[in-house]
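> Sequence and predicted structure below; questions after.
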Amino acid sequence: MGGFRIGLLGVIALVLLRISVGWHFVTQGMEKYRDGNFSSRGYLSQAKGPFAEKFHELIPDYDGRERLNVDAMKLRFERMLDGVKNQYGFNEKQMAEANQLVEAATADVEDYLESNKLEIDKYFQDLKQNTERRHSKDFQETPFAQKWVWDKQQELQTTVKPWTAWVDDRANELLASLNEIQGTHMLSHPPYKEPPSDLEKADKLVLYSNLAIGVCLIIGLFTRFASFGGALFMLSLILAQPPLANLYPPAHPSAGAQWIVNKEVVEMMALFALAFLPTGRWGGLDFFVHHLITRPLFGGKEAA
């Protein structure tokens, strides 16, 4: 089969497409960076479709099963104590004080959960029933069933939020008290913080990868890798909220009519196209990578 050529206007259009998509990634990354508290928790909690539960599992303690369990919280408090102790180096007196704080916090959580036991038990019962409905045949085939399950899911999230927020506040209060034990706070030892969750680590990765992908696309450096990485990122967004007509809830009216293809799908396809074209060598730093590194090493068989 004969080869084909892309005309000058086609090259210019593809380079502008590369820069435009890169600019979009940079602006999104900068917005997340300026926010300071970026979290994908909200987006993941609204996941729908066949992979919804998988995305919900990425949210630490999404259903509150850990924070509404005394034994689990006691273990968390003990890990917190170990972290503070190892950072500061408690003496015997300080250790006794710290243990008292942990015991008091555990007792407070136990009393709080016990005082709300009936409501919490009902919450978990409703949660189990809603999960069973989600896996039922009716849910898969009936729009009304999907709406009912979704509305119930939102209701359950609203129900559990005050309880988990109270437990989180008590945990934060305990951590602050442990950091403030007399004689332990030193300038050389900043206050101890609980290790970041897997979601928090992933959020950092999303933030900096968005910036890196965007910058690479704009300057045309490692364009194929950046394009492919950006396409996979867009794919993850699409899988979390697929643009399918039979899924509830429907997209917000501001997103316009969509069926299978929405703006995320369009951007993903554009990135996949860029991943298979040498646009980084057309007005980008990949020109130098190709001629100074790739061609001498691989004889021009590999494209930068």
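Ah, there it is. Numbering: from 1, shown residues only.

> what number of residues lie near the closest residue to Tyr62 other than its chain neighbours?
Leaving out its chain neighbours, the residue that sits closest to Tyr62 by CB to CB, 6 or more residues apart in numbering is His56, at 4.9 Å. C-betas here are computed from N, CA, C, even on glycine. By the criterion of other CB atoms under 10 Å, His56 has 16 neighbours.

> what residues are up against His56?
Contacts for His56 (CB atoms under 8 Å, 6 or more residues apart in numbering) come out as 44-45, 47, 62.

> Now for Tyr33, how many residues are close by?
Tyr33, neighbours per other CB under 10 Å, totals 13.

> Quick check: what element follows the helix or strand containing it along the chain?
According to DSSP states H and E, Tyr33 maps onto helix 8-35. Counting by DSSP H and E, the next helix or strand C-terminal to helix 8-35 is helix 41-45.

> CA atoms only for that next one - export them in PDB, please.
Taking C-alpha atoms only, helix 41-45 is exported to PDB below (Å, rounded to 0.1, in the frame of the first residue of the first chain):
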ATOM      1  CA  ARG A  41     -13.700  12.100  46.200                       C
ATOM      2  CA  GLY A  42     -16.700  14.100  45.000                       C
ATOM      3  CA  TYR A  43     -16.300  13.000  41.400                       C
ATOM      4  CA  LEU A  44     -15.700   9.300  42.400                       C
ATOM      5  CA  SER A  45     -18.700   9.400  44.700                       C
END
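
> can I assume Gly49 sits in a helix?
No. Under DSSP: H, G, I helix; E, B strand; the rest coil, Gly49 falls outside any helix and is assigned coil.

> Quick check: it vs Leu127, distance?
For Gly49, the distance to Leu127 equals 20 Å [CB to CB, to the nearest Å].

> and if you look at Leu199?
The gap separating Leu199 from Leu127 is 20 Å, by CB to CB.

> Among the two, which residue is more densely surrounded?
The neighbour count for Leu199 versus Leu127, taken as other CB under 10 Å, is higher for Leu127 (19 against 16).

> Which helix or strand lies directly C-terminal to the strand or helix carrying that one?
Assessed by DSSP H and E, Leu127 sits inside helix 117-134. Remark: after helix 117-134, the chain's next helix or strand is helix 137-141, criterion DSSP H and E.

> how far away is the residue nearest to Met80 when sequence neighbours are not counted from Arg76?
In space, and not counting its chain neighbours, Met80 is closest to Leu175: 5.8 Å by CB to CB, 6+ apart. As judged by CB to CB, Leu175 and Arg76 stand 10 Å apart.

> Check Phe222 too.
In terms of CB to CB, Phe222 sits 41 Å off from Arg76.

> Please apply the same query to Pro253.
Separation of Pro253 from Arg76 (CB to CB): 42 Å.

> could you pull out the helices for the chain?
With DSSP state H as the criterion, the chain has helices at 8-35, 41-45, 52-56, 70-88, 92-115, 117-134, 137-141, 143-179, 198-219, 223-240, 263-275, 286-289, 295-298.

> Comparing those, which comes out most buried?
Compared across the helices of the chain, helix 223-240 shows the largest average neighbour count, a mean of 20 (mean count of other CB atoms under 10 Å).

> ok and it relative to helix 198-219, angle-wise?
If you take axes from the mean of the first three to the mean of the last three CA atoms, to 10 degrees, helix 223-240 sits at 140 degrees to helix 198-219.

> Could you number the chain from 290 rather than 1 from now on?
Okay, residue one is now 290; in that scheme the one you just asked about reads as helix 512-529.

> how far out from the middle of the chain is helix 512-529?
Taking the mean of its C-alpha atoms, helix 512-529 sits 14 Å from the chain's own mean (CA atoms, centre = their mean, to the nearest Å).

> what's it packed up against?
Judged by 3 or more CB pairs under 8 Å, 6 or more residues apart in numbering; DSSP states H and E, helix 512-529 is in contact with helix 297-324, helix 330-334, helix 341-345, helix 487-508, helix 552-564.

> Let me have the ones you listed in TSV, adding mean pLDDT and distance to His579 as columns.
Formatted as TSV, the helices and strands packed on helix 512-529 follow (pLDDT from 0 to 100; distance: least, CB to CB, whole Å):
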stretch	mean pLDDT	distance to His579
helix 297-324	96	15
helix 330-334	93	37
helix 341-345	93	39
helix 487-508	96	14
helix 552-564	97	16
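
> and of the ones you listed, who's closest to Glu392?
Taking CB to CB, helix 487-508 is the member of the helices and strands packed on helix 512-529 nearest to Glu392, at 28.4 Å.

> Poorly predicted segments of the stretch 290-439 of the chain, please.
Scanning the stretch 290-439 of the chain for pLDDT under 70 picks out 290-292, 429.

> one more time with 50, if that's ok
290 (pLDDT under 50).

> Give me the neighbour count for Pro539.
Residues near Pro539, counting by other CB under 10 Å: 15.
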